[in-house]
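> turn this into a model:
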Amino acid sequence: MPDKDQGNVNYSMTDYYIGLGLALSSSGFIGASFIIKKKALIHLSLGSGRRAANGGYGYLTNWLWWCGLSMMAVGEIFNFAAYAFAPASVVTPLGAISVIVSAILSSKYLNEQLNLLAKIGCFMCIIGSTVMVIHSPKEESIDNMAVLLEKLTEPGFIIYTSIMLLIIASIFFYFGPRYGSSNVIVYVTMCSAAGSLTVMWVKGLGLAIRETITGQSEFSNWLTYVFIVLLVAFVSIQMNYLNKALDTFNTGVVTPVYYVMFTSLVITASAILFKEWDNLYLNDIIGIICGFLITVTAIFMLNSFRDVDMSRSQFGWRIRQPIMRKATVEEIAQTSSLIKNNTQYGTRHV
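Next up, the predicted model:
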């Protein structure tokens, strides 16, 4: 019996590290894909063709753009596979690494400035992600589709899903048309709510594929096809409203707000459905929260202050400057009186 238990623990930890590796690889591919596609678009803009921003489709004939798109597809596949091996509360926050990869590569290959605050933001993002990984849950609590179906019908997840569907419907019919173009929270809330459920369907479909690969075919199970239909529907909603948010508001605002809301809702949904936090100690919970806050702050710094003209030399120059304070009214009066007396004294002697 001890050997069997030990084997189960090793198996779950092996899956955890596989999922962790897939999530990091996914962030690398996705972050690099943005730079490659941007490089292709810049190259096309130097020619005589119509730009993509103006409705042109010349990029479809550019091999570099297709290379970037292929890398993004590989990254999304890796991200999909990562959910099948590791807890969602680990995979989702690691998406912030793609922001770092994109920022570093853009400064090298697109000649975009990465100032001191942006570099500090990148470093803090790595620290925050590392802290979250160290304290995150390491084992899954669902072994097969039958157990997953039981958890899907538990009151907690039904209530959460109902709330998310109510939010989606209210934004679609009321808040979106009225306030979507003036308030960034509306569109971001929509795609975050849909995205949190998307991750749950991804994990369900990933479990079905994983069970099928190990010998127990789940493609004769009706639940697998329900996951596929829900996944397509909710991904469409998420991408549609995320594009609306990016098209309407500044990327430096959308990115940190979306990361905070999406990650928070995914962690909440995962905790309700998969009970990933049940076996965590208080110090691990505090560590996850602190790591999440560090990552959020880092992404905010990276996106909001990226274009600010600040270098390390300027920062050092500002530190060396003496601190000047405003003179009080009494000090000004005394100085004026002293100058007046000195002037009168000098005049008498002259």
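> distance of Ala269 from Ala118?
Distance, Ala269 to Ala118, using CB to CB, to the nearest Å: 32 Å. All C-beta atoms are positioned from the backbone trio N, CA, C, and that covers glycine.
> what residue ranges in the stretch 1-150 of the chain score low on pLDDT?
Applying pLDDT under 70 to the stretch 1-150 of the chain flags residues 1-11, 45-60, 139-141.
> the same query, at a cut-off of 90, please.
Residue ranges of the stretch 1-150 of the chain with pLDDT under 90: 1-17, 19, 30-70, 72-73, 76, 79-81, 83-122, 125-126, 129, 132-149.
> show me where it has its helices.
All helices of the stretch 1-150 of the chain, identified by DSSP state H, counting those that start in this stretch, fall at 2-45, 63-85, 88-91, 96-109, 116-135, 145-152.
> likewise the stretch 201-350 of the chain?
Using DSSP H, counting those that start in this stretch, helices in the stretch 201-350 of the chain cover 222-248, 251-274, 282-304, 312-320, 329-349.
> need the helices of the stretch 1-150 of the chain in a markdown table (columns: mean neighbour count).
A markdown table is the format used below for these (neighbours: other CB atoms under 10 Å):
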| stretch | mean neighbour count |
| --- | --- |
| helix 2-45 | 17 |
| helix 63-85 | 18 |
| helix 88-91 | 26 |
| helix 96-109 | 20 |
| helix 116-135 | 19 |
| helix 145-152 | 15 |
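> which residues does Ala193 contact?
If you count contacts by CB atoms under 8 Å, 6 or more residues apart in numbering, Ala193 has them with Met164, Ile167, Ile168, Leu265.
> my guess is Met190 meets Ile171, correct?
Yes. Counting by CB atoms under 8 Å, Met190 does reach Ile171; the two are 4.6 Å apart.
> how does the chain divide up, domain by domain?
What automatic domain parsing lists as the domains of the chain is 1-139+281-345, 141-275.
> before we move on, back to that, narrow the contacts of Ala193 to those in helices?
Counting by DSSP state H, the part of those found in helices is Met164, Ile167, Ile168, Leu265.
> what sits against the residue nearest the centre of the chain?
Note on the chain: the residue nearest the mean C-alpha position is Tyr259, at 3.8 Å, using CA atoms, centre = their mean. By CB under 8 Å, 6+ apart, the contact list for Tyr259 reads Gly95, Ala96, Thr295, Val296, Ile299.
> widest-spaced pair of the residues you listed?
Gly95 and Val296 (12.5 Å; CB to CB).
> in TSV: the contacts of Ala193, plus pLDDT.
Output for the contacts of Ala193, formatted as TSV (pLDDT from 0 to 100):
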residue	pLDDT
Met164	96
Ile167	96
Ile168	95
Leu265	92
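> so Ala81 is in contact with Gly21, correct?
No. Using CB under 8 Å, Ala81 is not in contact with Gly21, being 10.1 Å away.
> top of the ones in helices among the contacts of Ala193 by number of neighbours, please.
For the ones in helices among the contacts of Ala193, the largest neighbour count, defined by other CB atoms under 10 Å, is 22 neighbours, found at Leu265.
> now that one: closest residue in space that isn't a chain neighbour?
Take Leu265 and drop its neighbours on the chain: the residue closest to it by CB to CB, 6 or more residues apart in numbering is Ser196, 3.7 Å away.
> same question, Gly176
Among residues not flanking Gly176 along the chain, Val186 sits closest, at 6.0 Å (CB to CB, 6+ apart).
> quick check, the one you found in contact with Pro177.
No. Counting by CB under 8 Å, Val186 does not reach Pro177; the two are 9.8 Å apart.
> comparing these two, which residue is more hemmed in?
Between Val186 and Pro177, Val186 has the larger neighbour count (other CB under 10 Å), namely 20 against 11.
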